[in-house]
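Can you look at this prediction? I've put the sequence above it.
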Amino acid sequence: MFLRRSSRSTGLRLSRKPFDKKTDNIMKGTDHFKRTIQMYLEQRAAEDALFARNYHNPSKSIDDCITYILNYVRESRCNGFTDGEIYGQAIHYYDEKEIKAGKPLNCQVAVNHVVELTAEEKAEARRNAARRYEEEALRKLQKRTKTKPHKQENTTQLSLFDF
């Protein structure tokens, strides 16, 4: 089962994976999918006080929300959803007082979503890139100076009279 997105979307994709009997590991969706949904819900709660009250309900959890979304996708048997539909189901889960998440599914979710870096992470990435650039430039310079000088071969040109 795949959850495909349009080119304008974040690219959520849901794929069925066989149950791993060796480790008895049931995948509930990738952490990245969970974080993407959670960040959206937290942003929505910060902007909407009415939703914030429902979002902070102690009887609801993000894991159950993800399970609810995955069960919704499976039961719908649709080939594609927009971001709004998936986020809408997450909001629906928190807005309803009596809602069942369903049983955890054996699947993995791939999210094609750009991760926003903090200013601190961006600065660290710049420092690392500058350091790698300097090291590569130094290696190139050292390689140039280490090249062996061309040995001039003493070739004498023979003439017809030397025989």
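Thanks, I have the structure now. Small disclaimer: the values here were computed from a predicted structure and weren't measured. Numbering: from 1, shown residues only.

who's in contact with C65?
Contacts for C65 (CB atoms under 8 Å, 6 or more residues apart in numbering) come out as 37, 41, 90, 93-94, 101. To be clear about C-beta, it is placed using only N, CA and C from the backbone, and glycine gets the same treatment.

buried set for whichever helix or strand R127 is part of?
R127 is located in helix 119-146, with elements delineated by DSSP states H and E. By neighbour count, with 16 or more other CB atoms under 10 Å as the criterion, helix 119-146 contains no buried position.

Tell me the gap between that helix and the middle of its chain.
Computed by CA atoms, centre = their mean, to the nearest Å, the chain-centroid distance of helix 119-146 equals 26 Å.

and the next element down the chain from the worst-scoring helix or strand of the chain on mean pLDDT?
Using mean pLDDT, DSSP states H and E, the weakest-scoring helix or strand in the chain turns out to be strand 12-16, at a mean of 50. The helix or strand immediately downstream of strand 12-16 is helix 31-47, counting by DSSP H and E.

tell me which residues in the helix or strand just after that next one are buried?
Counting by DSSP H and E, the element after helix 31-47 in chain order, helix or strand, is helix 49-55. For helix 49-55, a neighbour-count test (16+ other CB under 10 Å) marks 51, 54-55 as buried.

low pLDDT regions in this structure?
Segments of the chain classed as low confidence (criterion: pLDDT under 70) are 1-30, 79, 110, 112-115, 146-155, 162-163.

could I get stretch 62-72 in PDB with only the CA atoms?
Output for stretch 62-72, consisting of C-alpha atoms alone and laid out as PDB, is shown next (Å, rounded to 0.1, in the frame of the first residue of the first chain):
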ATOM      1  CA  ILE A  62       0.800  11.000  19.300                       C
ATOM      2  CA  ASP A  63       1.400   7.200  18.900                       C
ATOM      3  CA  ASP A  64      -2.400   6.600  18.900                       C
ATOM      4  CA  CYS A  65      -2.800   9.500  16.500                       C
ATOM      5  CA  ILE A  66      -0.300   7.900  14.100                       C
ATOM      6  CA  THR A  67      -2.000   4.500  14.400                       C
ATOM      7  CA  TYR A  68      -5.400   6.200  13.700                       C
ATOM      8  CA  ILE A  69      -4.000   7.900  10.600                       C
ATOM      9  CA  LEU A  70      -2.500   4.700   9.300                       C
ATOM     10  CA  ASN A  71      -5.700   2.700   9.900                       C
ATOM     11  CA  TYR A  72      -7.600   5.400   8.100                       C
END
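
about what we covered before: same list (the buried residues of helix 49-55) but as a markdown table, adding distance to A137.
Below are those laid out as a markdown table (distance: CB to CB, whole Å):
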| residue | distance to A137 |
| --- | --- |
| F51 | 52 |
| N54 | 56 |
| Y55 | 51 |
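
Cheers, nothing more for now.
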